[in-house]
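>>> just the structure for this:
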Amino acid sequence: MNVKELIKNKGLGYWLSCGAALLALVTAIIVFATSGTALPNTASNGWVIGLVLLIGVAVQVVVTFLPLRFASVISVLCYTLAFGVVANKIPTAVADYFNKVAYTGGSFEMCMFYAVAVFAVALIALVSCFFAQTKDGKTII
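Have a look, this model is predicted:
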């Protein structure tokens, strides 16, 4: 099977997953570039957010060539884990913002961007689970 036939056979679920993976890739790049200053001082290892997002992107690349019936579930797990990491790292920045103090550093706006972007990625990947990954319905597993 050549690449043209492979792409032509992809269903709506696959394309939603690709959109989520593209958004995850862009978000991971932004996280790698800004996590040092955007996250509070109490949040070490901000790169973990980007790493988990990139794992989800890698899963999507593999699924492009190995059509698996429930592959979107693996992506949802990766992106949900990334959201959990974000939710674990930003509470002090949120508390500082609402208490009107600048105790722990970080950027509330960037922390909210991380949370909203990763949540959107996870939500799009979750929605993709409810649509067919291939048009002909043939999958490896």
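>>> quick one, what contacts the closest residue to V48 other than its chain neighbours?
Distances taken as CB to CB, 6 or more residues apart in numbering put V85 closest to V48, at 5.5 Å, once the chain neighbours are dropped. Yep, even glycine has a C-beta here, placed from its N, CA and C like the rest. Taking CB atoms under 8 Å, 6 or more residues apart in numbering as the criterion, V85 is in contact with 48-49, 52.
>>> how near is V85 to N2?
V85 is 39 Å from N2, where distance means CB to CB, to the nearest Å.
>>> tell me what the longest helix seen in the chain is packed against?
Using DSSP state H to assign secondary structure, the helix with the most residues in the chain is helix 12-38. Using 3 or more CB pairs under 8 Å, 6 or more residues apart in numbering; DSSP states H and E, the elements in contact with helix 12-38 are helix 47-65, helix 71-89, helix 108-128.
>>> which parts of the longest one are buried?
Of the residues in helix 108-128, those with enough neighbours to count as buried (16 or more other CB atoms under 10 Å) are 108, 110-111, 113-115, 117-122, 124-128.
>>> now it - C-alpha only, CSV.
Once non-C-alpha atoms are left out, helix 108-128 reads as follows in CSV (Å, rounded to 0.1, in the frame of the first residue of the first chain):
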residue,chain,number,x,y,z
PHE,A,108,-0.3,33.3,35.5
GLU,A,109,-1.2,34.0,31.9
MET,A,110,1.3,31.4,30.5
CYS,A,111,0.2,28.9,33.1
MET,A,112,-3.4,29.3,32.0
PHE,A,113,-2.3,29.0,28.4
TYR,A,114,-0.6,25.7,29.3
ALA,A,115,-3.7,24.5,31.0
VAL,A,116,-6.2,25.5,28.3
ALA,A,117,-4.0,24.3,25.4
VAL,A,118,-3.3,20.9,27.0
PHE,A,119,-7.0,20.5,28.0
ALA,A,120,-8.0,21.3,24.4
VAL,A,121,-5.6,18.7,23.1
ALA,A,122,-6.9,16.1,25.4
LEU,A,123,-10.5,17.0,24.6
ILE,A,124,-10.0,16.8,20.8
ALA,A,125,-8.2,13.5,21.2
LEU,A,126,-11.1,12.2,23.4
VAL,A,127,-13.6,13.2,20.7
SER,A,128,-11.6,11.5,18.1
